[in-house]
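S.K.: Compute the structure for the input listed below.
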Amino acid sequence: MTHQIHDLIRIFDESFYQAYNCKLIKGQHEPVYIPASIETPFHQIVFAHGFYASALHEIAHWLVAGEHRRLLEDYGYWYCPDGRNKEQQLEFENAEVKPQAIEWALSIAAGFAFNVSIDNLNGAQTCRFSFQTRVHKQVLRLVEEGFSERTDRLLKALSDFYGTPWPLTIEQFEWQCPEEFLDAV
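M.R.: Residues are numbered from 1 along each chain as shown. Sure, this is the predicted structure:
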């Protein structure tokens, strides 16, 4: 299955532009969320370098953000770039559990491979599998308890477009931490 970024942009815009005045934008550099302004009269989810995975990740952040946060650049969240120390990295991972769980669900609905991101190549290393276990538990909880209306709308649109099974089930999120890392989780 081929994943073209223009398809994802169209699906997102058809799902949300009218109701939320928000567009998905292919960026040239780092991702950012920019609320509507005088210069640009619509909200922009700008994803990095045209990468499909980056678009799904940035959409997930938008889906997590509440109405107030969607009026703030980058939703008003703290962000410390690559090179974080261990404490900063753990804070980053705590903030990323739910968005990456939603990104995983979006990936399944789109038939696209998902990989967690600890996004700290030049900083303190933490156990990627421990983080993935936390993300996995969160996505299973969301599948069981239900997603927000916006998330559900996009999951269904992706599933319809890519012909993936709907509704999402726990069985679609099979993942097991490698045995040699079980003690770290």
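
S.K.: Run through the strands of the chain in chain order.
M.R.: 22-26, 32-34, 43-47 (DSSP state E).

S.K.: which residues touch the last one?
M.R.: Going back to what we said before, that points to strand 43-47. Among residues not part of strand 43-47, those counted as contacts by C-beta atoms under 8 Å, 6 or more residues apart in numbering are 12, 20-27, 31-36, 54-55, 57-59, 61-62, 70. Any C-beta I mention is one placed from the backbone N, CA and C, and that applies to glycine too.

S.K.: for the first one, same thing?
M.R.: Contact partners of strand 22-26, identified using C-beta under 8 Å, 6+ apart, comprise 5, 8-9, 12-13, 16-17, 42-47, 50, 55, 58-59, 62, 70.

S.K.: For that strand, output the C-alpha coordinates as PDB.
M.R.: Below are the C-alpha coordinates for strand 22-26, written out as PDB (Å, rounded to 0.1, in the frame of the first residue of the first chain):
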ATOM      1  CA  CYS A  22      -7.500  23.900  10.500                       C
ATOM      2  CA  LYS A  23      -5.300  22.600   7.700                       C
ATOM      3  CA  LEU A  24      -2.500  20.100   7.500                       C
ATOM      4  CA  ILE A  25       0.600  21.800   5.900                       C
ATOM      5  CA  LYS A  26       3.700  20.200   4.400                       C
END
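
S.K.: Name every strand pairing with it and say which way it goes.
M.R.: In the sheet containing strand 22-26, its partner strands are strand 43-47 (parallel), by DSSP bridges.

S.K.: Can you give the distance of the strand it pairs with from its chain's centre?
M.R.: 13 Å (C-alpha atoms, centre = their mean, to the nearest Å).

S.K.: I'd like the mean pLDDT over that strand, please.
M.R.: Model confidence over strand 43-47 averages 98 on the pLDDT scale.

S.K.: can I get the CA coordinates of it in PDB?
M.R.: The C-alpha coordinates for strand 43-47 follow below in PDB (Å, rounded to 0.1, in the frame of the first residue of the first chain):
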ATOM      1  CA  HIS A  43      -4.900  27.100  12.000                       C
ATOM      2  CA  GLN A  44      -1.900  25.200  10.600                       C
ATOM      3  CA  ILE A  45      -0.500  21.800  11.600                       C
ATOM      4  CA  VAL A  46       2.900  22.000   9.900                       C
ATOM      5  CA  PHE A  47       4.700  18.700   9.700                       C
END
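
S.K.: Now do the longest helix along the chain: distance to the chain's middle.
M.R.: Longest helix in the chain by number of residues (criterion: DSSP state H): helix 86-110. Distance of helix 86-110 from the chain centroid (C-alpha atoms, centre = their mean) equals 7 Å.

S.K.: Show me which residues of that helix are buried.
M.R.: By 16 or more other C-beta atoms under 10 Å, the buried positions in helix 86-110 come out as 88-89, 92-93, 96-110.

S.K.: Stretch 24-34 now?
M.R.: Residues Leu24, Ile25, Lys26, Gly27, Pro31, Val32, Tyr33, Ile34 are the ones in stretch 24-34 that count as buried (16+ other C-beta under 10 Å).
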